[in-house]
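1. How does the following fold in three dimensions:
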Amino acid sequence: MTNNKVEKSQESKIVRASAGLGKYRVEGTGIIAGEKGLIICILGGETPHIGAISLAIPRPSLRKPSKKSVTSSIFTLIGHKDDEIARPISENVASELNRITVVVAGVHIDKATDQDIRELVANSEKVSNQLIAKLKKLLM
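-> Residues are numbered from 1 along each chain as shown. You can find the predicted model right below:
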């Protein structure tokens, strides 16, 4: 049976942000997924890829229900450490915007030094903060 009824679909709203230059450049995309969801991609370095996926769900604190908390789950590809970017970003976005949030993260520099990693993490945080600010405006 075919339904000929035309339904008005909600258009996905997309925002973008970036920080850093050269091998330290990180780019982010935020997508509003319906009334309760957000999808965030954080990619960069010399080889952008999928390294980790984090799902964060905002909820009242179990100890103090008047306080916000977040439950998160992580999937990390073997040999990757992108969960160190994906988890805090997903938890922060979910808490700030009160939305179920999925973050896909993958930043890579070959033979990265500790300083390289700090730069990529810092730029990922900058991108996340920019995305939160832009998404807040769209969600108001």
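2. Against residue 83, how distant is residue 74?
-> From residue 74 across to residue 83, the span is 5 Å (CB to CB, to the nearest Å). Heads up, the C-betas are built off the backbone N, CA and C, glycines and all.
3. which residue ranges form the helices in this structure?
-> Taking DSSP state H, the helices of the chain run over residues 83-97, 114-139.
4. Let me see the mean pLDDT of the last one.
-> With pLDDT averaged residue by residue, helix 114-139 scores 96.
5. now the angle between helix 83-97 and it, please.
-> 20 degrees (axes from the mean of the first three to the mean of the last three CA atoms, to 10 degrees).
6. Quick check: which of the helices of the chain is buried the most?
-> Of those, the one with the most neighbours on average (mean count of other CB atoms under 10 Å) is helix 83-97, at a mean of 22.
7. Below-threshold pLDDT in this protein: ranges please.
-> 1-12 (pLDDT under 70).
8. if we can go back for a sec, dump the helices of the chain to TSV, plus distance to residue 63.
-> Below are those laid out as TSV (distance: least, CB to CB, whole Å):
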stretch	distance to residue 63
helix 83-97	16
helix 114-139	26
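9. and residue 60, which of the ones you listed is closest to it?
-> helix 83-97 (11.7 Å; CB to CB).
10. For the closest one, give me every contacting residue.
-> 38, 40, 42, 51-58, 68-70, 72, 74, 76, 99-105, 107, 120-121, 124-125, 128, 131-132, 135-136, 139 (CB atoms under 8 Å, 6 or more residues apart in numbering).
11. Out of the residues you listed, list just those in strands.
-> Among those, the members falling in strands (DSSP state E) are 38, 40, 42, 52-58, 68-70, 72, 74, 76, 100-105, 107.
12. which of the residues you listed are buried?
-> By neighbour count, with 16 or more other CB atoms under 10 Å, the ones in strands among the contacts of helix 83-97 hold 38, 40, 42, 52-58, 69-70, 72, 74, 76, 100-105, 107 as buried.
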